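[1] no FASTA, just this:
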């Protein structure tokens, strides 16, 4: 679609949407959100870019193969699940690492977050695979 | 170590991810796919040994206890099914090395086969009804893509029928699960087994029949089987054979699980329906098969006919009948998939799946003819092959239950199966090649390897049937005593309480 308004707003919106998708993924830890919805928002951002600039430009923007994202995401998720097994816990058990950061805050890192990152990548990868396949025809 | 219970799902998931990352590197994909399939067999056998030694194993994912978290449960039936799945996946993977073309490989055949394995194993191992639905969806989506991979006209036509009927069945299943959750507030199978007897029997039976229809479509029982012969003959043989062996059996497994653990309040009603469904499935499958001339279609209709025996075993609901059904499952998966693989080799020789256009195979490939005979006679139930014991157990169970009609039907259908197999033998192997036909060169020995192995298994299970019958007995004993399942998932106290209540209720009825 050749629209100046759409293209200008898309360039602004895509950054906000991608940032928002990461926010959703991190927030999903204790509140509504998570890797799945975050991934969908990120894919929606790229979909918007496809509408404004076409599939070719969007593929250049993403740079990596969507199927590669899918594979990496799946690997990350399975490895996050297996991390618990190494610690003698059942599959998919969460392992936690808590660190104090300057400013009195507390940073909680966990395999649960890693799993969410995997889900995020799988969702982005699979939606983009479909999107580019459909737009490519 | 109960973590082992998740291994049959995690291993193929991991290999699917690796295979996706290796897309484009054909040699590496083939190596990883076969290695993963071989590893799966080892893991599955290990699981079966563990279950035999230590009884039912339960794993609560992430350490969330049942009935709140997702539970995986491995009893004898699940473990046996996981083993046979892994064996068939290995056979299909080796056959695929020569059968699947590079284009389909580049489009992700190997990764999809692993995802299919994830779904099947998940369905066999899960102890949660909703989770079962999810695994069935996973295997369905993988099978949709595998069925239409390559995109030929026939494949797409078969694919549409397959997809639409299976989606309808999923919808019914989801509706039934929703009703079940509304009624009981839980979807953990062990917890359901404990809760359902207290609920309104009328509602429970209604939900049970919904489950029967949903799983019945997946298992391709009468009168819901028409999607199967419309689609199974379209993809390459390595895919067809694995589908023919495994996919309907997931439906049979789900029926066996739900109608021994969950819906046993009104056995007189539900299991009588199942009994008649089994009889009609056997008869209609074998009669329609007799009218076909494409080998793959004949075999597809026989899948349906054979499902009937398993349903009959389940419906009779005695220890002998259930053990027979388990034996039948294993025997049939091996013999049926092997017949498909053999038909694939025969087509490479004669150039056609159509019986009217093939012939002369006995002269050209006597070894292939022998392999066909072993599997075909095994399927028909001729001693000393595995099918004989399978039929014997089911028929004995019918006689023991005083059900002469069922025993007669089962024996008659066996005879008609023999007729169909003789027909294939006569046209494709015995009679000379029709005018104008030409036999091509000998196919690769890599195609023969899985066929020989599976034919050997058919023979071995016939000559040395003791161990499998013992496993079937153990599975049947567990299925008929749900308190062991409940005990393994919810703790031994809950199991004992369940057993006590069941005894009390049973005493009240008598």
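    Cool, the structure landed. What you see is a predicted model, and the numbers here were worked out from it, not measured in a lab.

[2] Get me the contact residues on chain B for chain A.
    Within chain B, the positions lying close to chain A (C-beta under 8 Å from any C-beta of the partner chain) are B:2-3, B:6, B:10, B:13-14, B:16-18, B:20-21, B:23, B:59-63. Any C-beta I mention is one placed from the backbone N, CA and C, and that applies to glycine too.

[3] Swap in 10 Å and give it another go.
    Residues of chain B found near chain A (C-beta under 10 Å from any C-beta of the partner chain) are B:1-7, B:9-11, B:13-24, B:59-64, B:69-70, B:72, B:108, B:111, B:115.

[4] Show me these that map onto strands.
    The strands in this structure, assigned by DSSP state E, contain B:59, B:60, B:72 from the residues of chain B next to chain A.

[5] What subset of the residues of chain B next to chain A is buried?
    Neighbour counting with 16 or more other C-beta atoms under 10 Å in any protein chain shown marks B:2-7, B:9-11, B:13-23, B:59-62, B:69-70, B:72, B:108, B:111, B:115 as buried within these.

[6] ok so, going back, show me the residues of chain B next to chain A that map onto helices.
    Using DSSP state H, the subset of the residues of chain B next to chain A located in helices is B:7, B:9-11, B:13-21, B:111, B:115.

[7] of all the residues you listed, which comes closest to residue B:402?
    residue B:9 (42.1 Å; C-beta to C-beta).

[8] ok, now which ones touch that closest one?
    Neighbouring residues of residue B:9 by C-beta atoms under 10 Å, 6 or more residues apart in numbering or on different chains: A:91, B:72, B:82, B:117-126, B:135, B:138.

[9] of those, the lowest pLDDT goes to which?
    Lowest-confidence member of the contacts of residue B:9: residue A:91, scoring 80 (pLDDT).

[10] List the buried residues in stretch A:25-43.
    Neighbour count says stretch A:25-43 has A:25-26, A:28, A:33-43 buried, by 16+ other C-beta under 10 Å.

[11] Residue A:97: what's it in contact with?
    Contacts of residue A:97 by C-beta under 10 Å, 6+ apart are A:107, A:108, A:109, A:110, A:111, A:113.

[12] Tell me the secondary structure of it, please.
    strand (DSSP: H, G, I helix; E, B strand; the rest coil).

[13] For chain A, which segments count as helices?
    A:4-27, A:35-53, A:55-62, A:66-86, A:111-136.

[14] Show me what the last one packs onto, helices and strands only.
    By that I understand helix A:111-136. Helices and strands touching helix A:111-136, by 3 or more C-beta pairs under 10 Å, 6 or more residues apart in numbering or on different chains; DSSP states H and E, are helix A:4-27, helix A:35-53, helix A:55-62, helix A:66-86, strand A:96-101, helix B:7-21.

[15] related to what we said a few turns ago, report the two of the ones in helices among the residues of chain B next to chain A separated the most.
    Pairwise distances across those peak at 20.9 Å for B:7 and B:21 (criterion: C-beta to C-beta).

[16] Just give me the closest of the ones in helices among the residues of chain B next to chain A to residue B:268.
    Among these, residue B:9 lies closest to residue B:268 (C-beta to C-beta), at 36.8 Å.

[17] any low-confidence regions in the chain?
    As the question left the chain open, I've gone with chain A. Across chain A, the ranges flagged by pLDDT under 70 are A:1, A:137.

[18] ah, no, chain B please
    Ranges of chain B meeting pLDDT under 70: B:1, B:436-437, B:506-510.

[19] Find the residue at the geometric middle of it.
    residue B:249 (2.2 Å; C-alpha atoms, centre = their mean).

[20] Could you say which helix or strand holds that one?
    Applying DSSP states H and E as the criterion places residue B:249 in helix B:237-257.

[21] Which helix or strand lies directly C-terminal to that helix?
    Next element after helix B:237-257 (DSSP H and E): helix B:267-290.
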